[in-house]
Structures are given as structure tokens and as C-alpha cells.
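Enquirer: let's see this in three dimensions:
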Amino acid sequence: MSEFSIKEKKILSEHFSNSDGDVFAIITPRQVDRGALMSRYSRTDKSMRKIFLDEFLKNKNRGSEFYDRVLLEYGDDSVAELGEAQIAIEGLSNIAVKKIEDRRIGLSYLEKSSRYVAWNKKENGKYRFYRDEQIKKSKFRDLYEETCNFSFDVYSKNIEPMVKYVREKYPIEKYSFKDSKDGKEKSFSKLKIESDIKSANMIYKGSTKAKALDILRGLLPASTLTNVGITGNGRAFEYLLTVLGSSELKEEHDLASKIKKELDTTIKSFVRRSDDKYGKAFQKYLKDVKNKSKAITTKKIKSKPVKGSFTKLVDFETEKASIDKIITSIMYEQSPSVSYQNILQQVKKISKQEKIKIIREFAKIRTNRRHRPSRAFENVYYTFDLCNNFGMFRDFHRHRTLTLERQLLTTDHGYNIPSEIKILGIEKDFKECMNKTKETFEKIRTKFPEQSQYVVNFAYNYPYFMKFNLREACHLIELRTVPQGHVDYRRVAQQMFKQISKVHPILSEIMKFVDMKEYDLERFESEKRTEEKRKKLK
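Expert: Next comes the predicted model:
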């Protein structure tokens, strides 16, 4: 017999996907009620639908009241994860978007691409870059404006010439496309069906434009305005707001207020503490940490910037110890009532050849890169010291399951010039752009060290370090060496693989799908697959 009457079932149908099943979706419209139901559910022996009828139906403020009590009175942070929101932010700089994306847990991001969209559009006659209020009120206002405009001018005027150059170097006749009549790959000149010719042109134009924009993106300054979509829970958003609120940059301060205002329309109860006494105290703590770190560093470390780009594996364990840890972890789950220490002692007695055989057996069962190694491979870590162009860093920065620390963006470490820039004959313009940026940056940094980052171009080298385990190394390196990847990060990922292979030749065999090749048009095969999917949807 059903727990609910016919009348109750009718009411419940508006708030739950079913009223009888033991698996159901919560569809009640108010986010705060959905989260409160989930949390209240863990503190009573009533069913969730019964809780709704008894406590929420008659009191429209029940969800908000519940969160006010639990979050503010008891500080049970985990319940803040039960409220979720999606926020879109348009027109923020590439400095601010990186600060937002530094938050690793509880938030997911989708950011505007620099390889599919040209950034040369103007709004009310002006290029779209961030104009910091403090700089605008300073003696550097005109210099900053002029330098950013110059970067955009050089970028914009060379888009068409670069696209033309790429298409001349990699003519469409060089590539094959699918003939819809017999399903075979054929050269462009042998395609006869109009729709096939149209598709081939779309694929070719898309991949060649992406190549051209990839080459030129180094000219863009970090002030370039972008868009980002964020999906996340209340707890993560609350922390994000606190971090932005503690920033020295007005842009990030203002973003905190704007994001909070919009979150208040959807998950207000979940982020309420971000600007109360708790939030202010947390902001002070974050500022204290930064100031203390700066004071210690100034006292203890001599500053001497290293010029150029590099990728160096600087910290790792011996392969012997690493293999023992992984095999112990592999066996632990399947060894009931046996301690980790006991298993490790037994593993150490296994012969070297037998251990190698075990590792290779786990490598063998991976048949594609989405078959991630088991958690056992998380027991081995690598730390890389990196200095690569800022444009490339933006791609590596998206990886969440690792520890990444970075410095301020400067012009101290020099820049690299893509070979295509030299061949096209615009090396002089490129260098003039970089030199102008450096001169402006050096003037602004003396007064505004944080704000001076905005003027720095993507081409300038940027120092950071990344520490990740073997499982994440497998994911990151295999993903970042796929053919459609940007040439800059493909080469860095390839260097990472070579260096890991050198110190851990056996363990590196788990990374079966690293692509060490070079490609003319990185996006070509990907564009072909996208076009095939597009055809099937018609």
C-alpha cells in the first residue's frame, strides 16, 4: 500500500519525479528547498517526500530558515554544497579569469577560445581590453591605452595575411576528405558531390583559420576581455567570492560583488557568509598569508629572473620505490584484513622481473586514453618546473587534479617567436610589439606591480610549477599531445613524457597513448570528425 494518499501524490508530482519509487529526482522549483531537503534528509528517519509534506509544503521559507540555522549557527559547510548555480561572466580580463579558474574543487569552467574566435572586434570604436581604474587615474593612462591598442593593431592587421599564408603553405589539395558516395577518403580534386565539396571547404577553412589564430595569439595582451561560464556548488562559490574579495585588483573586487549579487537570486542562503563577519575574517586571513609569504621571500630569496622557456622534471622518487608503492596499492583492495605495511613488506620480496610484468599487465588492458589507470597509480608524484608562454599556460591551467603554483605575469623571462611569424615577414612588427610592452610594463610595475600584468602579451614566458601523480600525468600528457592540440602545449607535454620515461622507463609504459608526432594542421582531423557528426544530426 502506498505511503501517500491520492491528494498527496498529486502534490508530490509537482515536486518529485515520482511518488512511489525508491529512486526519484527532486524537481521542486526552489534551489534552496532542494538543498535543504537533501540535508534535512540525513537527520531524520522520515522519507524525503514525507519531510516535504510535513515541513516544507506549508512553510515557504522552510528551506531558507534551515540554511540560516545550519550554516550560520552550526557552520556545517558541507550542506552548502547542496546548492548549485550557473553563472556567466562576460568581459573580464585574462588575469581575472585565471584567478577564478585557480579554484580547483566544486567549480567547472567553460572559457572563450583563442583559437576558434578572432579577438579583433571593436566595441564603440575601441578594442575590447580591460582598462584598470587605478591605471586610468594615473600618469600611465595614455601609455597603457596606446600599448594595448598597438598589440591589438598588430594582431588584427595580420589575421588575413596569416590565414592566407597558412592556406598557401597547406593547400586544400594536399588533404583527403570523405566521399559520401562510397565512404572512402579522397583528395579534394576527386570529390564530385556538391555537399562533399562544401563540407571539405568547411573543414579546411576551420582548421586553417584555427592554425592562423594559434600563431598570432601571442600578440594579445592579458588585458584582453574574455567570457567564462561557471557551474558549481554554494561552498565553492563562497570560497571564490572570499578570494576575489581579498584581491588587490579592483576588477576582481568588483567581480566578487557582481557574482554575489547574481548568486543571491538563485542560491542566496548558500553564499550568505561570503560578505559577513566570517567572510571578512577569511579575507583578512588570505591577505595575511600573502603578506607573510612576501615578507619571508623578500628577506630570504635573491631575485634573478631566468630568461627563456623551459620544462624540467625537478622532483621524483626512485622507480624501484615507486613500483613497490603502486603494486602494494593494487593488491591492497583485494587483500581483506591485511594491513598496507604488511603488503608492502611482501611486495618488496617479489622479484624485479615479476614486478615489471605486473605493471605491464595493467598497461596492456588500457585500450584507449579514456581508460584511466586505477587509483593505485596516484601513489607516485612528479614535480615540473616550467616557464612557457602565457598563452600556453592558460591551457595547462585548466587541469584540476594537481598542485599548481604560479607567479605574477611579467616580461622578465623573455618571449618566443613562432617560426611562421618570421616566414611571413612580420618579425619586426612582432618584436616592436613585445619591446613596447616591456617598456610600458617596466614603468607601470614600479607603482602598480599587480595591475602591470594586464599589459603583458600572451607570448611572454610565464613561470609556474606543477606537481601531479602518475595517474594525472597519464591523463594530462595523453590529452595534451592529441593531434588537434596547440603546438606549444603539445611540445611541452611531449617533453614531460620524455623526462618521465627517462627516470621511470617501466612506469611510463602505462602512458600508452602519448602522440609524439608533429602535424601541419592540428585541427584538421578534429574538424573532419565534427563535420561527420554534424551531417548525422541533419
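Enquirer: in terms of helices and strands, where is Arg235?
Expert: helix 234-245 (DSSP states H and E).
Enquirer: can you tell me the SS state at the residue nearest to the spatial centre of the chain?
Expert: Taking Cα atoms, centre = their mean, the centroid of the chain lies closest to Arg398, which sits 1.8 Å from it. Under DSSP: H, G, I helix; E, B strand; the rest coil, Arg398 falls in the coil class.
Enquirer: from what I can see it touches Leu107, true?
Expert: No. Assessed by Cβ atoms under 8 Å, Arg398 is found out of contact with Leu107, at 11.7 Å. From N, CA and C alone the C-beta is placed, and that goes for glycine too.
Enquirer: which ones are touching the residue nearest to Asp33 when sequence neighbours are not counted?
Expert: In this structure, Asp33 finds its nearest non-sequential neighbour in Gly63, 4.0 Å apart by Cβ to Cβ, 6 or more residues apart in numbering. Gly63 is in contact with 30, 32-37, 56, 269, counting by Cβ atoms under 8 Å, 6 or more residues apart in numbering.
Enquirer: could you do Phe497 as well?
Expert: Counting by Cβ under 8 Å, 6+ apart, the residues that Phe497 touches are 477, 481, 508, 511, 514, 516.
Enquirer: right, and the fifth one touches Thr481 too?
Expert: Yes. Counting by Cβ under 8 Å, Val514 touches Thr481, with 5.2 Å between them.
Enquirer: overlap in contacts of these two?
Expert: Contacts common to Val514 and Thr481, judged by Cβ under 8 Å, 6+ apart, are 493-494, 497.
Enquirer: distance to Asn457 added to those residues, as a markdown table?
Expert: A markdown table is the format used below for these (distance: Cβ to Cβ, whole Å):
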| residue | distance to Asn457 |
| --- | --- |
| Ala493 | 23 |
| Gln494 | 25 |
| Phe497 | 28 |
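Enquirer: and those as JSON lines, adding secondary structure and pLDDT?
Expert: Below are the shared contacts of Val514 and Thr481 laid out as JSON lines (DSSP: H, G, I helix; E, B strand; the rest coil; pLDDT from 0 to 100):
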{"residue": "Ala493", "secondary structure": "helix", "pLDDT": "97"}
{"residue": "Gln494", "secondary structure": "helix", "pLDDT": "98"}
{"residue": "Phe497", "secondary structure": "helix", "pLDDT": "98"}
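Enquirer: ok, so of the residues you listed, who is nearest Phe458?
Expert: Nearest to Phe458 out of these is Ala493 (Cβ to Cβ; 18.4 Å).
Enquirer: distance of the nearest residue to the closest one once chain neighbours are set aside from Leu216?
Expert: Distances taken as Cβ to Cβ, 6+ apart place Arg480 nearest to Ala493, at 3.8 Å, with adjacent residues excluded. Counting by Cβ to Cβ, to the nearest Å, the gap from Arg480 to Leu216 is 21 Å.
Enquirer: these two: who's more crowded?
Expert: Leu216 (30 against 23; other Cβ atoms under 10 Å).
Enquirer: host element of the more buried one?
Expert: helix 194-216.
Enquirer: that helix: which residues count as buried?
Expert: 196, 199-200, 203-204, 206-216 (16 or more other Cβ atoms under 10 Å).
Enquirer: okay, buried residues for the helix or strand of the chain with the lowest mean pLDDT please.
Expert: Least confident helix or strand, the chain: helix 62-67 with a mean of 75, by mean pLDDT, DSSP states H and E. Residues 62-64, 66-67 are the ones in helix 62-67 that count as buried (16+ other Cβ under 10 Å).
Enquirer: of all those residues, which comes closest to His504?
Expert: Tyr67 (48.3 Å).
Enquirer: kindly export the least confident helix or strand of the chain (C-alpha atoms) in PDB.
Expert: Extracted as PDB, the C-alpha positions of helix 62-67 are listed here (Å, rounded to 0.1, in the frame of the first residue of the first chain):
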ATOM      1  CA  ARG A  62      11.400  26.500   5.400                       C
ATOM      2  CA  GLY A  63      14.500  26.000   3.100                       C
ATOM      3  CA  SER A  64      16.000  29.400   3.900                       C
ATOM      4  CA  GLU A  65      15.300  29.000   7.600                       C
ATOM      5  CA  PHE A  66      17.000  25.600   7.600                       C
ATOM      6  CA  TYR A  67      20.200  27.000   6.000                       C
END
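Enquirer: just after it, pick out the following helix or strand.
Expert: strand 84-92.
Enquirer: tilt between that following strand and helix 234-245?
Expert: Angle, strand 84-92 to helix 234-245, by axes from the mean of the first three to the mean of the last three Cα atoms, to 10 degrees: 30 degrees.
Enquirer: what's the average pLDDT for strand 84-92?
Expert: In this model, strand 84-92 has an average pLDDT of 93.
Enquirer: so what secondary structure elements neighbour it?
Expert: helix 96-101, strand 226-233, helix 234-245, helix 250-263 (3 or more Cβ pairs under 8 Å, 6 or more residues apart in numbering; DSSP states H and E).
Enquirer: contacts for it next, please.
Expert: 31, 97, 100, 128, 130, 225-234, 237, 251, 255, 258-259, 262-263, 266-267.
Enquirer: phi, psi for the nearest residue to Ser13 once chain neighbours are set aside please.
Expert: Computed as Cβ to Cβ, 6+ apart, the closest residue to Ser13 that is not its neighbour in sequence is Ser19, at 6.3 Å. Main-chain torsions, Ser19, degrees, to the nearest 10: phi -110, psi 0.
Enquirer: what about Ser19, how many residues nearby?
Expert: 18.
Enquirer: now Thr401
Expert: 13.
Enquirer: what of Ser351?
Expert: 8.
Enquirer: what pLDDT does it get?
Expert: pLDDT, Ser351: 97.
Enquirer: now do Glu73
Expert: Looking at Glu73, the pLDDT reads 57.
Enquirer: please report how far the closest residue to Leu249 other than its chain neighbours lies from Arg103.
Expert: In space, not counting the residues next to it along the chain, Leu249 is nearest to Glu450; the distance is 5.6 Å by Cβ to Cβ, 6+ apart. Look at Glu450 and Arg103: by Cβ to Cβ, they are 19 Å apart.
Enquirer: quick one: the strands in the stretch 351-500 of the chain?
Expert: For the stretch 351-500 of the chain, the strands defined by DSSP state E, counting those that start in this stretch cover 381-389, 403-406, 461-469.
Enquirer: check contacts around the residue nearest to the centre of the chain.
Expert: Here Arg398 is in contact with 101, 109 (criterion: Cβ under 8 Å, 6+ apart).
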